[in-house]
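Trainee: missing the sequence, but the structure's below:
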């Protein structure tokens, strides 16, 4: 029987892939709702039109939904960990661009790219969980926690957005993604194994 310390260490390692994947998924879903509270302030400060304000909120979800299938196919073809990490990088960098946007057009363009990053993250997150937890019971628990992240992030978005806008300003709605994205990338590279590739997978 292994010492208690080694069991505890092994348990922590087994939870690390779940933490990495769920961090990325949480960040993606959070950005769907966190912007809603900030939009009036953003529109006023960047002198955005009504149409511009609509695009600030919708550009992200439009590209996110439109490229989900492509993100999944790319994960199969190039390796899910590689595509997931690429999505995290794209998402984090575009979040920084959103935070420092000088005008509404730049912000909308950055939100479009941010949505593309999200579309690369989400399909790979499920595939990485399936890869990391082959045992049915462990996989079911991991999928259950992954699914709960959507509800938690969606409900936390307006609350967190309101807090940030009223204290440090609307740009922090996007800046908050930088440390979260960096942590997600570091955890994934360290604790998630490389994924197999299917070069014949159609895009």
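Mentor: Received it, and whenever you're ready, just let me know what you need. This one's a predicted model, so the numbers in the text were calculated from it and none came from an experiment.
Trainee: Tell me which stretches of the protein form helices.
Mentor: 4-45, 50-66, 68-78, 80-99, 104-132, 136-167, 172-175, 177-191 (DSSP state H).
Trainee: elements contacting the fourth one?
Mentor: By that I understand helix 80-99. For helix 80-99, the contact count by 3 or more C-beta pairs under 8 Å, 6 or more residues apart in numbering; DSSP states H and E identifies helix 4-45, helix 68-78, helix 104-132, helix 172-175, helix 177-191 as packing neighbours. C-beta here means a position set from N, CA and C on the backbone, and glycine is covered the same way.
Trainee: quick one: which of those is nearest residue 197?
Mentor: helix 68-78 (6.1 Å; C-beta to C-beta).
Trainee: Count the residues that sit near residue 143.
Mentor: Residues near residue 143, counting by other C-beta atoms under 10 Å, number 15.
Trainee: Hmm, it is touching residue 129, no?
Mentor: Yes - Residue 143 is within contact range of residue 129, at 6.4 Å (criterion: C-beta atoms under 8 Å).
Trainee: Quick check: closest non-adjacent residue to residue 191.
Mentor: Spatial nearest neighbour of residue 191, excluding adjacent residues (C-beta to C-beta, 6 or more residues apart in numbering): residue 16 at 3.7 Å.
Trainee: what's the one you found in contact with, if anything?
Mentor: 187, 190-191 (C-beta atoms under 8 Å, 6 or more residues apart in numbering).
Trainee: Could you find the closest non-adjacent residue to residue 55?
Mentor: Leaving aside its chain neighbours, residue 55 sits nearest to residue 108 (4.7 Å; criterion: C-beta to C-beta, 6+ apart).
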